[in-house]
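A.B. asks: no sequence on hand, only this structure:
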């Protein structure tokens, strides 16, 4: 097989050299005719033949020396064209040198070499460019509207390189079920121009008029595809709102090469849905990564709950900040196995330890901290599913409240420099056990922080898009099964953030020098209505809410609130050096009181006295008691 391929390559090289040499031979009399015109028949034919022969042999030698045969014509580039021009110049120079030796420059006109160089360059470049245009579909694309039967009309968003790639991939030569009928772009300088014959219309605000105009020509788009990678989330959300009003689904252009992929069922996978990050309705916060690296680089780091959504993302981002070592603590064997396997792949040179450990187990936590001697702890371990914790209140107390106390006490005992505690917006005016236990954890860490010594940084944020137990994976599963998508209440809203943002907030919070005893909160923009999120996900799947997929209201679950909050009414807000982050200074609790109360709470929870546990919890966290009374009333 190798010999056969070598033979084919040799034959191809011979063919290219023959092609170029013939064109060199043709170029000489053409250039001569352009130079002297009707006087050419008066020149001795024998002399012309001699010059053609000399010129052709010189050209062949130069072509072999420059290896013009190795470039693949289908992918001819500016570099290849430059090498052709270079070969032509060398060829002309060598011929002039020979000519001067033989005839002392008297035989041919002085300007002949310039004309010859231009003609030969054109003759060599033109076939290569033509072949490239034929293969990449440029020529066929000129007639694309004549062969659009059975194809889905597409309107592209973004007039750039990716739009050019998408159009090239949808020309008739390719078996792709799309045809591009127009492009919209907010850059006014490109309006009225074209990419591969496809017109560029106005901006996103004019999308309705553009679609009406295309519809009059029988080219109404059936899908809108975003090809511009830097389109902001605010602009994306505006685009989705307009597209939803018109009833056209929106997708993003797939990665390079994915346009021709096909799954086992034969369904074409040319486009992918918009990332849910685009649904935030605000730009994702840009934080100060150098300051994050300063607190992590060269440090010993320990992460509890390292196998969870937040914990595993903490691991990924901390690896990039170059710690000395990482200790992964996780009570789930499978979750620990997964992050351990991933860490071995992405950071094989980093020293790390994966340890099974439950934050409820004080002796185990003490053992781990004494053995690993961390300098900074990220406490992400928690039970966070609200309805489940309403049915398992004792476990919520033991993990979220008591577990945090165990981590905090062990950190102070082993003189850990910084402990970063991850909280939730459900800790604000909590109506459920999960929120109340996280609020209690906040109280305890604030009290510890005010004592000096180990620094405790508490971070608070809302729902994480795509996390385990969040609404987005639930909607995705329900979509796969044909619906309905279940929403608790038509008016229910939630704050959302990406897992990247959540973890960057945690890292950024650790780097800020704020007043002790406070809580760091990310500005999460406006809350999103869950019903709107469900409708968008249905439309992103190319379906119509209420027609193809139903939305069902199930009623508020135990512990649910209609609207979450980020701050208590009595919390004083302060700006930080990071515009996207604010610092809340809530009331503080005496540690002696809270520690005594938590021992009583732990005893009740450990003995599975649910009612007694709730009563003690409501006494320690008065907001929980007030909310319980409001719920009953």
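C.D. replies: In hand now; what should we look at? Everything quoted here is computed from the prediction, not taken from an experiment.
A.B. asks: from here on, contacts and neighbour counts on C-alpha atoms
C.D. replies: Fine.
A.B. asks: can you read off the pLDDT for residue 280?
C.D. replies: pLDDT recorded at residue 280 is 55.
A.B. asks: dump the residue contacts of the closest residue to residue 55 other than its chain neighbours.
C.D. replies: Closest residue in space to residue 55, ignoring its immediate chain neighbours: residue 95 at 6.2 Å, by CA to CA, 6 or more residues apart in numbering. The contact partners of residue 95, by CA atoms under 8 Å, 6 or more residues apart in numbering, come to 54-55, 58.
A.B. asks: contacting residues around the closest residue to residue 74 other than its chain neighbours?
C.D. replies: Distance criterion CA to CA, 6+ apart; nearest residue to residue 74, sequence neighbours excluded, is residue 132 at 4.4 Å. Contact partners of residue 132, counting by CA under 8 Å, 6+ apart, are 73-76.
A.B. asks: need the buried ones from those selected in PyMOL.
C.D. replies: Here is the PyMOL command that picks out the buried ones among the contacts of residue 132, judged by 16 or more other CA atoms under 10 Å:
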select buried, resi 73+76
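A.B. asks: any idea which of the contacts of residue 95 is the one closest to residue 416?
C.D. replies: Nearest to residue 416 among these, counting by CA to CA, is residue 58 at 78.4 Å.
A.B. asks: surely the closest one meets residue 94?
C.D. replies: Yes - in this structure residue 58 lies within contact range of residue 94 using CA atoms under 8 Å: 7.1 Å.
A.B. asks: if you count surrounding residues, which of the two has more?
C.D. replies: Neighbours were counted for residue 58 and for residue 94 using other CA atoms under 10 Å; residue 58 has more, 20 against 16.
A.B. asks: show me what counts as buried in the host helix or strand of that one.
C.D. replies: Counting by DSSP states H and E, the element that carries residue 58 is helix 45-66. Of the residues in helix 45-66, 51-52, 55-60, 62-63 count as buried by neighbour count, 16+ other CA under 10 Å.
A.B. asks: burial measure for the spatially closest residue to residue 518 that is not a sequence neighbour, as a count.
C.D. replies: Nearest residue to residue 518, sequence neighbours excluded (CA to CA, 6+ apart): residue 585, at 4.6 Å. The number of residues packed near residue 585 is 19, by other CA under 10 Å.
A.B. asks: ok, now the one 10 residues further on?
C.D. replies: With neighbours defined by other CA under 10 Å, the count for residue 595 comes to 15.
A.B. asks: roughly how far apart are it and residue 413?
C.D. replies: 16 Å (CA to CA, to the nearest Å).
A.B. asks: cool, residue 585 as well?
C.D. replies: From residue 585 to residue 413 the distance is 26 Å (CA to CA).
A.B. asks: just residue 361 next, same as before
C.D. replies: Counting by CA to CA, the gap from residue 361 to residue 413 is 16 Å.
A.B. asks: now do residue 84
C.D. replies: 74 Å.
A.B. asks: okay, the two: which has more neighbours?
C.D. replies: Each of residue 84 and residue 413 has its neighbours counted (other CA under 10 Å); residue 84 has more, 21 against 13.
A.B. asks: element containing that one, please.
C.D. replies: Assigned by DSSP H and E, residue 84 falls in helix 78-103.
A.B. asks: sorry, back to before: quick check: bridge partners of the residue nearest to residue 518?
C.D. replies: residue 572 (DSSP bridges).
A.B. asks: that one against residue 519, yeah?
C.D. replies: Yes - taking CA under 8 Å as the definition, residue 585 is a contact partner of residue 519 at 6.5 Å.
A.B. asks: take the contacts of residue 132 and keep only those in helices.
C.D. replies: Per DSSP state H, helices hold no members of these.
A.B. asks: how does this protein divide into domains?
C.D. replies: 2-136, 144-274, 294-462+497-522+569-631 (automatic domain parsing).
A.B. asks: what's the average pLDDT for the longest one?
C.D. replies: This predicted structure assigns domain 294-462+497-522+569-631 an average pLDDT of 87.
A.B. asks: can you check the shortest one too?
C.D. replies: This predicted structure assigns domain 144-274 an average pLDDT of 71.
A.B. asks: would you check how far apart residue 303 and residue 318 are?
C.D. replies: Distance from residue 303 to residue 318, by CA to CA: 10 Å.
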